[in-house]
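[1] sequence plus the predicted model coming up.
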Amino acid sequence: MPGSSDKTFYLETFGCQMNVHDSEKVIGTLLQQGYRQVPTVEEAGLVLYNTCSIRDKAEQKVFHRLNDYKKLLAQGKKFGVLGCVAQQEGEKIFERAPYVSLVAGSASYRHLPAMLVQIENGQRSTGLDDRQTDECFETELTARTNPYRGYITIIEGCDKFCAYCVVPYTRGKERSRTSQSVLAEARQLADLGYSEIQLLGQNVNSYRDPQQTITFAELLLAIGEVQGIERVRFTTSHPRDFTRDIVDAIDASPALCDHVHLPVQSGSTRVLDAMQRLYTRDEYLERIAWIHGARRDISLTSDLIVGFPGETEREFEETLSLLDAVGYDSAFTFKYSPRPNTPAIGLEDAIPDEEKSRRLAVLNEKQRQISAHRNKRHIGDIVRVMVEGKNEARGQWIGRTSQIKVLNFTAGAGADFKAGSYVDVMVTTTFPNSLVGVACE
Ligand code: SAM
Ligand code: SF4
């Protein structure tokens, strides 16, 4: 590794928004320890991968990537594996890739400064706190990459143990930050000029203030009151912990966005039970009825899994009928993939991959039709968007609605909009995955 006067690192991130935000905090920590971030592996003394193991053979991809760069070892580079694959595979990573110096799961990131010193001294370092810690990774040193949307993790880990999911094993126990520290971070972001805040957690609405001063819905209201914050989003909500006061908060606070991401996974109560999701189809639909009953037009999105072990054709059809009953604006859909250490790994993964693919295609086509139909209702609406950028080739600005839809729009000659600014746009055309419009003068 180059000398301490020029400590450089390259960091590549895989996976969810939580990982992306964890990486912002890891980068801030490294910068504070005197490291400089570089854009290529070739330029770096320390190469880090922040990994995801939620689906597929993610761990194999990481080993392939490490293998590709083995030849760079001779140049004195060091390698580290962070995130879910690190926690899941643990010290096995050293056996399969002996040239790796650092293996750390997200529950250990608060020890990063000490771990960096160890690897700089030529030692190996492991941070595999797993489910032992009650502490969150709080840092003042977040290197934020998005200049207008600030992410704040309010709860880490998960205690739900869905039968298919690695998260409780890779991200540790569920632990919430104090509302005091969350609000302080929100005010700090507003002072820095951020106008949108996105609260993050594997189950953001399972939030429990450790000082028991406020509920999740009250925290939403308090963040909506922060001067300068125009939009507040929160993801992901777990249906079991979704309470009516969250809908009341959205109705009461203009800053809270018109959107709830409430993953259902399956429309069949039998499959939900096998998945250990902790709610029935009817209980889920009860929560949807609260949201449909709101004064605001709250957009709903979801995650769905097809081909969970034992899912019959009839049970799959219950998922299709649930899409009609809810009317999601969009959904992330996945084929079930068996994951190490999870309870479902013991069940026979008997549904052939071709059948999972067929169900996925049927589900996607149905959701595409629902999204297309639902987007048409916006034609003629004037919708406020936050500008995210411009597509020069098409001469269109890219905006994001409160309902989290992409709205591409044009404007009169000479118009210029900065990323992060807000514009009112009239919707003229709709597609299943986006809206098109013209800026209002
Ligand atoms: N905590 C959130 C919840 O309970 O809805 C989900 C977080 S998880 C990181 C994101 C999504 O990945 C899940 O909602 C699920 O649809 C999908 N997922 C997780 N494990 C999976 C598996 N083994 N196979 C397929 N999809 C999976
Ligand atoms: Fe995974 Fe279930 Fe926890 Fe979501 S609630 S992170 S799907 S175990």
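    Sure thing, it's come through. Ligands and ions are numbered 1, 2, ... in the order given.

[2] could you use CA atoms for every contact and neighbour count after this?
    Noted.

[3] who in the stretch 151-300 of the chain is up against ligand 1?
    Along the stretch 151-300 of the chain, the residues adjacent to ligand 1 under the rule CA under 6 Å from any ligand atom are 164-165, 202-203, 236, 238, 263, 265.

[4] show me which pair in these is furthest apart.
    Tyr164 and Thr236 (17.1 Å; CA to CA).

[5] so which of these two has more stuff around it?
    Tyr164 (25 against 20; other CA atoms under 10 Å).

[6] SS state for Asp251?
    Secondary structure, DSSP: H, G, I helix; E, B strand; the rest coil: Asp251 is helix.

[7] what's the answer for Leu363, then?
    The local conformation at Leu363, judged by three-state DSSP, is helix.

[8] for it, what are its contacts?
    For Leu363, the contacting residues are 320, 333, by CA atoms under 8 Å, 6 or more residues apart in numbering.

[9] distance of it relative to Lys356?
    From Leu363 across to Lys356, the span is 10 Å (CA to CA, to the nearest Å).

[10] do the same with Val232
    Noted for Val232: a distance of 36 Å to Lys356, by CA to CA.

[11] who's more crowded, those two?
    The neighbour comparison of Val232 against Lys356 (other CA under 10 Å) goes to Val232, with 26 against 18.

[12] quick check: phi and psi on the more buried one?
    Torsion angles at Val232 (phi, psi; degrees, to the nearest 10) stand at phi -130, psi 130.

[13] show me which residues of the chain are close to ligand 2?
    Going by CA under 6 Å from any ligand atom, the residues of the chain near ligand 2 are 158, 160-162, 165, 167-168, 202.

[14] rebuild the residues you listed as JSON lines, extending it with pLDDT, neighbour count and secondary structure.
    What follows is the residues of the chain next to ligand 2, written out as JSON lines (pLDDT from 0 to 100; neighbours: other CA atoms under 10 Å; DSSP: H, G, I helix; E, B strand; the rest coil):
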{"residue": "Cys158", "pLDDT": "96", "neighbour count": "23", "secondary structure": "coil"}
{"residue": "Lys160", "pLDDT": "96", "neighbour count": "18", "secondary structure": "coil"}
{"residue": "Phe161", "pLDDT": "97", "neighbour count": "17", "secondary structure": "coil"}
{"residue": "Cys162", "pLDDT": "98", "neighbour count": "20", "secondary structure": "coil"}
{"residue": "Cys165", "pLDDT": "96", "neighbour count": "23", "secondary structure": "coil"}
{"residue": "Val167", "pLDDT": "94", "neighbour count": "22", "secondary structure": "helix"}
{"residue": "Pro168", "pLDDT": "94", "neighbour count": "19", "secondary structure": "helix"}
{"residue": "Gln202", "pLDDT": "95", "neighbour count": "24", "secondary structure": "coil"}
